[in-house]
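Engineer: Sequence and predicted structure below; questions after.
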Amino acid sequence: MRRKTVFFLTIALIGALSWTPQLMAKSQYLTQFTSKYGSSSISTCALCHQGSPPALNPFGSDFASASIGNHTFNSALESRDSDGDGFSNLAEINAHTFPGDPSSKPAATDTTPPTVTSFSIPSTSSSLTVPITSFVATDNVGVTGYALSESGSAPASGWSGSAPSSYTFSSAGNKTLYAWARDAAGNVSSPKSAQVSITLPPPPPPEPGPPPSGEGVEAWVDRWMRLTIFLRKGHDWSELGLLGEENKLTTYLQLEGWDSQSQVLSGLLYLEPGSDEEDLQKGAPIVLPLDFLVISSSQKEFWATSQFTEEPSTVFTARFKGKLVKGELKPGILQSKHKQEGEQETKAWFWLKGKLIDESQVPEDILTLSAEQKSLPAAEQREFP
């Protein structure tokens with residue numbers, strides 16, 4: 001009994017030892033294969049063996065041949081067609097078909113490109129983003145990619161797996177858009193084009209910015225100006241209630257207040273009582289409020305609009321220009337600018353030229369009238385007949 005047991009154990013040991021080289025070989029070449037090509041459905045014994053090991057198929061024979069593979073997956077082995085099915089060993093490995101089995105081979109190469117059968121977009125648009133109303137393509141195997149371009153050359157990027165629903169242009173105008181389709185083999189269709197005319201609506205008006213800061217305007221408050229009003233020929237100043245047919249009038253303007261909220265620089269215009277004008281009674285000067293709406297300002301100058309009456313033609317733009325030196329306003333001037341209509345200057349009754357002066361240069365009767373105005377109740381100070 002003991003001899004029979006020893007006999008069977010000996011037979012089993014011999015069998016195990018006979019399989020050890022084959023198991024080691026399998027582990028070695030599969031490790032080498034997956035290290036180079038990655039693990040796949042062909043990473044099995046059937047890659048090199050026909051039936052049960054150790055029988056080799058044509059690929060296994062080439063792999064083991066000292067003149068070809070020499071037990072390595074080299075370029076000589078990759079370039080061979082071991083099973084004679086018309087595909088190189090490397091092409092079959094990449095396609096995950098067995099390079100040693102002629103019945104296992106990649107599918108036939110697809111050389112037929114898709115066809116874009118329908119493509120349309122609206123003929124006009126008021127937006128840079130235009131909807132795609134139709135984009136249909138067919139292929140003998142199947143369409144795998146869709147793309148749009150503004151060029152008649154096939155795009156290298158921008159492909160998607162489904163037909164896009166819109167396209168965004170970079171600018172307005174007359175545009176041509178091209179539609180493309182691609183299949184799994186990389187075949188690209190001929191383009192189908194459509195045209196659109198894009199006209200964008202005018203942009204909305206800009207949001208009103210902050211009002212002028214009034215920088216430099218405050219320095220003009222409580223200052224006097226000798227202001228000369230020049231009459232344009234052919235106009236009767238009596239329409240303004242000022243005077244008759246003189247060509248110019250010397251007046252005095254006191255800039256009396258600055259309202260930063262309403263951006264208004266207020267002043268009083270005094271017609272000199274000593275005028276020789278027939279329409280003016282001596283000792284009964286005219287006083288007119290003259291307010292300036294500031295439209296832009298800086299430390300050295302600002303622009304403002306004003307008008308003598310409610311008539312639109314009496315509106316003018318004034319430029320106040322001066323220098324602030326250590327907080328004190330140095331010689332300042334005022335110049336008017338008439339309204340313009342297109343290239344032509346409108347018929348204006350006047351233009352202005354003024355210069356800052358010290359209070360000592362203001363006639364006594366004007367100063368007296370100014371003091372009387374300041375003594376009036378606030379509600380009456382700027383009410384004039």
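Structural biologist: Happy to help now that I have it. Numbering: from 1, shown residues only.
Engineer: Next, count neighbours for Ser65.
Structural biologist: Number of residues near Ser65 (other CB atoms under 10 Å) recorded here: 15. C-betas here are computed from N, CA, C, even on glycine.
Engineer: likewise Asp81?
Structural biologist: 19.
Engineer: ok so it is a strand residue?
Structural biologist: No: according to DSSP: H, G, I helix; E, B strand; the rest coil, Asp81 belongs to no strand; its state is coil.
Engineer: quick one: contacts for it?
Structural biologist: Listed by CB atoms under 8 Å, 6 or more residues apart in numbering, the contact set of Asp81 reads Phe87, Ser88, Asn89.
Engineer: From these, pick the one nearest Ser123.
Structural biologist: Phe87 (50.4 Å; CB to CB).
Engineer: next one: phi and psi at the closest one?
Structural biologist: Main-chain torsions, Phe87, degrees, to the nearest 10: phi -120, psi 140.
Engineer: I figured it was touching Lys105, is that so?
Structural biologist: Yes: Phe87 lies in contact with Lys105 (CB atoms under 8 Å); the separation is 5.4 Å.
Engineer: which neighbours do those two share?
Structural biologist: Here Phe87 and Lys105 have Ala95, Thr97 as joint contacts, going by CB under 8 Å, 6+ apart.
Engineer: Select only the buried ones of the contacts of Asp81 in ChimeraX?
Structural biologist: Buried subset of the contacts of Asp81, written as a ChimeraX selection, criterion 16 or more other CB atoms under 10 Å:
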select :87,88,89
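Engineer: Lowest-confidence entry in the contacts of Asp81?
Structural biologist: Of all those, Phe87 has the smallest pLDDT value, namely 80.
Engineer: contacting residues around that residue?
Structural biologist: For Phe87, the contact set (CB under 8 Å, 6+ apart) comprises Asp81, Ala95, Thr97, Pro99, Lys105, Pro106.
Engineer: contact partners of the host helix or strand of Ser193?
Structural biologist: Ser193 belongs to strand 192-198 when assigned by DSSP states H and E. With contact meaning CB under 8 Å, 6+ apart, strand 192-198 is reached by 116, 118-128, 130, 152, 169, 171-179.
Engineer: The residue nearest the centre of the chain and Pro131, how far apart?
Structural biologist: Centroid check for the chain by CA atoms, centre = their mean gives Ser170 as the closest residue, at 9.7 Å. Applying CB to CB, to the nearest Å, the value for Ser170 to Pro131 is 17 Å.
Engineer: Out of the contacts of strand 192-198, which sit inside strands?
Structural biologist: Of those, the ones assigned to strands by DSSP state E are 116, 118-120, 124-125, 130, 173-179.
Engineer: Now list the buried members of those residues.
Structural biologist: For those, a burial check counting by 16+ other CB under 10 Å picks out Val116, Phe119, Ser125, Val130, Lys175, Leu177, Tyr178, Ala179.
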